[in-house]
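In: Sharing a model prediction with you, sequence too.
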Amino acid sequence: MTSIESSGLPLVFKVETPEDTAYPDLGERPVHVLARSLEGMQKEAVVDAGGSAAWRMVSDEGPYLEGTDLAPFPLAFFTAGMQFSFLAQLARLSERDGIALRSVHLAQDNYYSMEGSFLRGDAEGGALPAELRLSLDSDASSDAVARVVWLAHRSFPAHAVMRDLLENTFALVLSGRPSPLEGLRPSSRARTPDPRGILESLTPADPASYLPAAIEKIAAAQVVHGVEGGAGTSLHPEQKRTLHIHGEARLLEGLRMETTVQLFKPIGSTFRFQSDEAPDSGGRGTAPPPLAYLCAGVAFCYLTQLGRYARITRRPLDSYAVSQRTTFREQGSSEDDSLGTSAGPFDTQVFLDGDLTESEASDLVRMGERTCFLHASMRGAFPSRIVGELSGEPLKL
């Protein structure tokens, strides 16, 4: 497959794994992403977050990066993953405490920045804390609801990615051979096979086993030129701008959730995502789990930065892929409110093909990390902020 439109496949589908990879210790969950570039700004990934299935999904960019806008932009995956991760944790803790929630709505805004020159090599991505606004309806007391909301917020896995300082690690494979890498912490993981061979051979599972429209585009961006955030503006060599992503999520039945994510700045499209936890986490496995979306977003965003930097600097990069792995760990106890979650460093093995010198390839990997908004969110401490209301009245969190 060379492009989304030529594949004839849905934007997301389930892939049966050879054996059940459910983890006996639910307090520790590795997430493995294999992702590759397609035509233009399009990307494809398969994500294994445990259970009996993995999930294949695709990403694209809008007019601001001269993409085809056929699939969600990378930061949409991350916002969706954050929202789903929080809602799933809230649902579990509410059920444990016997709190019936009639409705749950979560609005979230994520902000990022880009400043500097790609040609000088000092462009750098940045991040700001996510802002969460939760609205609930329940007959439970305000104190009881506030307690589970507070505990869910401190312990949902996606929060740890932005809250904690993570020293992510990297390795480089250039045209099939390991290549030296400067300026980044080296990976200690054994070299993995080239992801592109695995991604070429994916086969969808039985469509009856999952929601075929778990990802869908619901509103297209207006293509405008000569304005802030308009067509082609994200390809300018000099950058000084802020990005704004907005999501509106709700809890459905059980651990099924959906969100609508829109890119406000730059001017982007709107996509709907649906999520469900795997059976070993209390769900039915009908859609990708929260951490699959979250970690796919990191891989997609990094690949976008590789492609953008190569295009702006005219580096001969033919194709590129990553094998990315991280582990989330649950710690403490919900009974004494010491429950928390940590995220391990994201380890990324980068595969580049093209007429590149080792120095040029190393520079691409380093600048990809430097300009990736989601790696920026892990280089600093950006704990998300939350406010809430119960039946229209403010919650004291």
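Out: Okay, I see it.
In: so what does the lowest-mean-pLDDT helix or strand in the chain touch, helix or strand wise?
Out: Lowest on mean pLDDT, DSSP states H and E among the helices and strands of the chain sits strand 340-343, with a mean of 86. With contacts taken as 3 or more Cβ pairs under 8 Å, 6 or more residues apart in numbering; DSSP states H and E, strand 340-343 sits against helix 142-155, helix 157-163, strand 317-331. Just so you know, the C-beta spots here come from the backbone N, C-alpha and C atoms, and that holds for glycine as well.
In: Return the alpha-carbon coordinates of it using PDB.
Out: Listed next in PDB are the C-alpha coordinates belonging to strand 340-343 (Å, rounded to 0.1, in the frame of the first residue of the first chain):
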ATOM      1  CA  GLY A 340      -1.100   6.500  40.600                       C
ATOM      2  CA  THR A 341       0.300   5.700  37.200                       C
ATOM      3  CA  SER A 342       3.700   6.200  35.700                       C
ATOM      4  CA  ALA A 343       4.800   6.000  32.100                       C
END
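In: can you pull the buried residues of it?
Out: Buried residues in strand 340-343, counted by 16 or more other Cβ atoms under 10 Å: G340, T341, A343.
In: for this structure, what spans make up the helices?
Out: 4-7, 74-96, 142-155, 157-163, 195-199, 290-313, 358-371, 373-379 (DSSP state H).
In: For E124, which residues are in contact?
Out: Listed by Cβ atoms under 8 Å, 6 or more residues apart in numbering, the contact set of E124 reads M114, E115, G116, R370, T371, A376.
In: Which pLDDT value belongs to L26?
Out: The model reports L26 with a pLDDT of 51.
In: same check, this time on S333
Out: Looking at S333, its pLDDT is 67.
In: thinking again about what came up before, deepest-packed of the helices and strands packed on strand 340-343, please.
Out: Most buried of those by mean neighbour count (mean count of other Cβ atoms under 10 Å) is helix 157-163; its value is a mean of 24.
In: what is the rounded mean pLDDT of that one?
Out: For helix 157-163, the per-residue pLDDT averages 91.
In: what's that helix packed up against?
Out: Checked by 3+ Cβ pairs under 8 Å, 6+ apart, helix 157-163 has helix 74-96, helix 290-313, strand 317-331, strand 340-343, helix 373-379 packed alongside it.
In: quick one: that helix to chain centroid distance?
Out: Offset of helix 157-163 from its chain centre (Cα atoms, centre = their mean, to the nearest Å): 12 Å.
In: Repeat that for stretch 31-43.
Out: On Cα atoms, centre = their mean, the centre of stretch 31-43 falls 12 Å from the chain's centre.
In: Also stretch 320-334?
Out: 12 Å.
In: out of the helices and strands packed on helix 157-163, which comes closest to K14?
Out: For the helices and strands packed on helix 157-163, proximity to K14 was assessed by Cβ to Cβ; helix 290-313 is nearest, at 10.7 Å.
In: Quick one, which of the contacts of E124 are buried?
Out: By neighbour count, with 16+ other Cβ under 10 Å, the contacts of E124 hold M114, G116, R370, T371, A376 as buried.
In: Excluding chain neighbours, what is closest to the first one?
Out: In space, M114 comes closest to Q239 once its chain neighbours are excluded; the distance is 4.4 Å by Cβ to Cβ, 6 or more residues apart in numbering.
In: For the one you found, which residues are in contact?
Out: Per Cβ under 8 Å, 6+ apart, neighbours of Q239: M114, E115, G116, S117, F118, A123.
In: surely the fourth one meets A123?
Out: Yes - using Cβ atoms under 8 Å as the test, S117 is close enough to A123 to be in contact (5.8 Å).
In: ok, the two, which is more surrounded?
Out: Counted by other Cβ atoms under 10 Å, S117 and A123 do not tie: A123 has more neighbours, with 22 against 14.
In: Quick check: the gap between the more buried one and G368.
Out: Applying Cβ to Cβ, to the nearest Å, the value for A123 to G368 is 11 Å.
In: what sits in contact with each of those two?
Out: Y309.
In: Just list whatever residues bridge to F271.
Out: Beta bridges link F271 to K217, V261 when assigned by DSSP bridges.
In: pLDDT weak spots in the stretch 251-397 of the chain?
Out: 333-336, 338 (pLDDT under 70).
In: which residues touch the residue nearest to F78 when sequence neighbours are not counted?
Out: Leaving aside its sequence neighbours, F78 sits nearest to G297 (Cβ to Cβ, 6+ apart; 3.3 Å). For G297, the contacting residues are P74, L75, A76, F77, F78, T79, A80, G81, L374, by Cβ under 8 Å, 6+ apart.
In: G297 and L251: what is the separation?
Out: On the measure of Cβ to Cβ, G297 and L251 end up 21 Å apart.
In: closest to E66 out of the helices of the chain?
Out: Nearest to E66, of the helices of the chain and by Cβ to Cβ, is helix 290-313 at 9.2 Å.
In: could you dump that closest one to PDB, C-alpha only?
Out: What follows is helix 290-313, C-alpha atoms only, in PDB (Å, rounded to 0.1, in the frame of the first residue of the first chain):
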ATOM      1  CA  PRO A 290      -7.300   4.500  25.000                       C
ATOM      2  CA  LEU A 291      -3.600   3.800  25.100                       C
ATOM      3  CA  ALA A 292      -3.600   2.600  21.500                       C
ATOM      4  CA  TYR A 293      -4.800   6.000  20.400                       C
ATOM      5  CA  LEU A 294      -2.400   7.900  22.700                       C
ATOM      6  CA  CYS A 295       0.700   6.000  21.600                       C
ATOM      7  CA  ALA A 296      -0.200   6.000  17.900                       C
ATOM      8  CA  GLY A 297      -0.400   9.800  18.200                       C
ATOM      9  CA  VAL A 298       3.100  10.000  19.400                       C
ATOM     10  CA  ALA A 299       4.400   7.800  16.600                       C
ATOM     11  CA  PHE A 300       2.400   9.700  14.000                       C
ATOM     12  CA  CYS A 301       3.500  13.100  15.200                       C
ATOM     13  CA  TYR A 302       7.200  12.100  15.200                       C
ATOM     14  CA  LEU A 303       6.900  10.800  11.600                       C
ATOM     15  CA  THR A 304       5.200  14.000  10.500                       C
ATOM     16  CA  GLN A 305       8.200  16.000  11.900                       C
ATOM     17  CA  LEU A 306      10.700  13.700  10.000                       C
ATOM     18  CA  GLY A 307       8.800  14.300   6.800                       C
ATOM     19  CA  ARG A 308       8.400  18.000   7.300                       C
ATOM     20  CA  TYR A 309      12.000  18.600   8.200                       C
ATOM     21  CA  ALA A 310      13.300  16.600   5.200                       C
ATOM     22  CA  ARG A 311      10.900  18.400   2.900                       C
ATOM     23  CA  ILE A 312      11.900  21.900   4.100                       C
ATOM     24  CA  THR A 313      15.600  21.200   4.100                       C
END
